[in-house]
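J.: Structure for this input, please:
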Amino acid sequence: MNYISTRGGLAPVPFKVAVMMGLATDGGLLLPETLPTVDEQTVEFWLDLSYQRLAFEVMSMFIDDIPTEALRRLIDKSYSTFTHPEITPLVQQGECHILELFHGPTLAFKDIALQFLGNVFEYLLEESGSSMNILGATSGDTGSAAIYGVRGKKRINIFILHPYKRVSPIQELQMTTVTDPNVFNIAIRGTFDDGQAIVKNIFNDIPFKDTFRLGAVNSINWARILAQVVYYVFAYCRIAKATGKQTVTFSVPTGNFGDIFAGYIARKMLSAKRINRLVLATNENNLLTRFVMQGDYSLGKVVQTSSPSMDIQVASNFERYLYFLYGQDPQRTGEGMESFAKTGRLTFSQEEQEKIRQDFVSASVDEAGTTAIIKDFFEKHGYVLDPHTAVGVKAGLAFQGPEMPLICLATAHPAKFGEAVAKAIGREPDMPESLRAIKDMKARCEVLDPEIATVKNFVSLHAIY
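T.: Numbering: from 1, shown residues only. The predicted structure follows:
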């Protein structure tokens, strides 16, 4: 399996090169040259597999340059840190099946991909005898998951940018209390979009990227998407086996388009007969809902909400979907992204809008709606939703079809957003021991202005060579 750029300026490369490259050298995003599909017999075989075994089966379709046993070990090692034997268990609550993605080290769905990616990086660096400096931006959970994925690992330093005082207190502590010598937290005086723009600009500076051997952990790294595809397939298989239903709907809270793009890839693999609908759920930062429902992809002002991981106006994975929407035309994709960079807007024809709505439906949930669904869901089922998951549940219920199981992705443990939960149900959720412990730990963080040169200078001073 080889990988190509959405902008067409890169000769096909194997998985190991793609994962280390992160962002393509022509500024595009990497995708498989072809997408595999699965037949009925394969799906039947997958129904009874454990999460780890299924992960191996799915990933093997996209990775052919890591030996079989090595890939098995990487997968087993990555999910040995999870506290639930099913890794991503399904819990039925009323009309929903909640796919709990928060049983990893930092209690967020990002662990599923970043534990795997951290181990892949370590494996490839040991193989080559090289080193790397990871640079990424986070709106909340990616940062801590990335840090926990590589903390203490040899040959790797990690630099994570987060928006200063715009993540939850718990999210901030999960990052800044990791004081391993290879971990560098940077708080940017600005928004997540500012940090993301800085990171993309630095990665597009090829001499700087090459000099400091920069690697990406944001969802621009294809390995992130691949690891997330697995839990869509796993959830489908669990539902199909338990209920006999052959078609499901997924509801996905998203701001960066990465998690739902993994669902889009899973749908392409399994077919629309099995994954009928992908519900794209946004908070008041509704860039993606406007895109799906109105064909309007245009920048707005970032609104600070109780679901900060979705407080985004530039969806870094959108380009991957745009490539498919444009008929896998790299020239048109590149021109579209260049136009968006200049004007802050993309518009789509009626035919393209119809195609978009064949792939997705979407709803935006405001703060009042988020609080209300947390309260209502708790009163009905005794189950506590975090604000991001609440957005997905409310949007999913609005599009639920008859006789079709609804799977809502639970992207974070509610204790990470205690204040928002307490506002809804009158008390904070139970606090896992791992979160209680970090409140008294020593923290370390550098606060910087959102300037490219400033961040470059910091990285150059602390990079591993």
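
J.: By mean pLDDT, flag the weakest helix or strand of this structure.
T.: Every helix and strand of the chain was ranked by mean pLDDT, DSSP states H and E. The lowest is helix 433-438, at a mean of 86.

J.: Flag every buried residue along it.
T.: Across helix 433-438, burial judged by 16 or more other C-beta atoms under 10 Å covers 435, 438. No exception for glycine: its C-beta is placed from N, CA and C like everyone else's.

J.: For that helix, what is the distance to the chain centroid?
T.: 24 Å (C-alpha atoms, centre = their mean, to the nearest Å).

J.: go on, stretch 256-263?
T.: On C-alpha atoms, centre = their mean, the centre of stretch 256-263 falls 6 Å from the chain's centre.

J.: For that stretch, give the mean pLDDT please.
T.: For stretch 256-263, the mean per-residue pLDDT is 96.

J.: Can you give the contact residues for it?
T.: The contact list for stretch 256-263 (C-beta atoms under 8 Å, 6 or more residues apart in numbering) reads 109, 139, 219, 224-226, 228-229, 232, 250, 252-254, 275, 278, 280, 288, 312, 315-318, 320-321, 360, 409, 411.

J.: Helices - which of these land there?
T.: 224-226, 228-229, 232, 288, 318, 320-321 (DSSP state H).

J.: buried subset of those residues?
T.: 224-226, 228-229, 232, 288, 318, 320-321.

J.: With pLDDT added, can I get these in CSV?
T.: Formatted as CSV, those follow (pLDDT from 0 to 100):
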residue, pLDDT
R224, 94
I225, 97
L226, 98
Q228, 98
V229, 98
Y232, 98
L288, 96
F318, 96
R320, 98
Y321, 98
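
J.: For stretch 291-311, C-alpha coordinates in PDB please.
T.: C-alpha atoms of stretch 291-311 as PDB (Å, rounded to 0.1, in the frame of the first residue of the first chain):
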ATOM      1  CA  PHE A 291     -20.600  23.200   5.000                       C
ATOM      2  CA  VAL A 292     -22.800  20.000   5.100                       C
ATOM      3  CA  MET A 293     -26.200  21.700   5.200                       C
ATOM      4  CA  GLN A 294     -25.600  24.800   3.100                       C
ATOM      5  CA  GLY A 295     -22.500  24.200   1.100                       C
ATOM      6  CA  ASP A 296     -20.800  27.200   2.900                       C
ATOM      7  CA  TYR A 297     -17.300  26.500   4.100                       C
ATOM      8  CA  SER A 298     -16.300  30.000   5.400                       C
ATOM      9  CA  LEU A 299     -14.400  31.200   8.400                       C
ATOM     10  CA  GLY A 300     -16.200  32.700  11.400                       C
ATOM     11  CA  LYS A 301     -15.100  33.900  14.800                       C
ATOM     12  CA  VAL A 302     -14.100  31.200  17.300                       C
ATOM     13  CA  VAL A 303     -16.600  31.000  20.100                       C
ATOM     14  CA  GLN A 304     -15.400  29.600  23.500                       C
ATOM     15  CA  THR A 305     -17.700  26.800  24.700                       C
ATOM     16  CA  SER A 306     -17.900  24.100  27.200                       C
ATOM     17  CA  SER A 307     -16.700  21.600  24.500                       C
ATOM     18  CA  PRO A 308     -13.300  23.300  23.800                       C
ATOM     19  CA  SER A 309     -11.900  20.500  21.600                       C
ATOM     20  CA  MET A 310     -14.500  21.600  19.000                       C
ATOM     21  CA  ASP A 311     -13.800  25.300  19.300                       C
END
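
J.: Name the residues of that stretch that are buried.
T.: In stretch 291-311, counting by 16+ other C-beta under 10 Å, buried: 291-293, 295, 297, 302, 305-311.

J.: now, which of those residues lie within strands?
T.: Y297 (DSSP state E).

J.: among the buried residues of stretch 291-311, which two are most distant?
T.: G295 and S306 (28.6 Å; C-beta to C-beta).

J.: so A281 bridges to which residues?
T.: P253, A363 (DSSP bridges).

J.: same deal with A137?
T.: L161.

J.: Begin at 55, not 1, for the rest of this chat.
T.: Right, with 55 as the first residue, what we last looked at is A191.

J.: List the residue ranges of the stretch 305-454 of the chain that fall below the pLDDT cut-off.
T.: Applying pLDDT under 70 to the stretch 305-454 of the chain flags no residue at all.

J.: so where do the strands sit in it?
T.: Ranges of strands in the stretch 305-454 of the chain, per DSSP state E, counting those that start in this stretch, are 329-336, 350-352, 399-401, 415-418.
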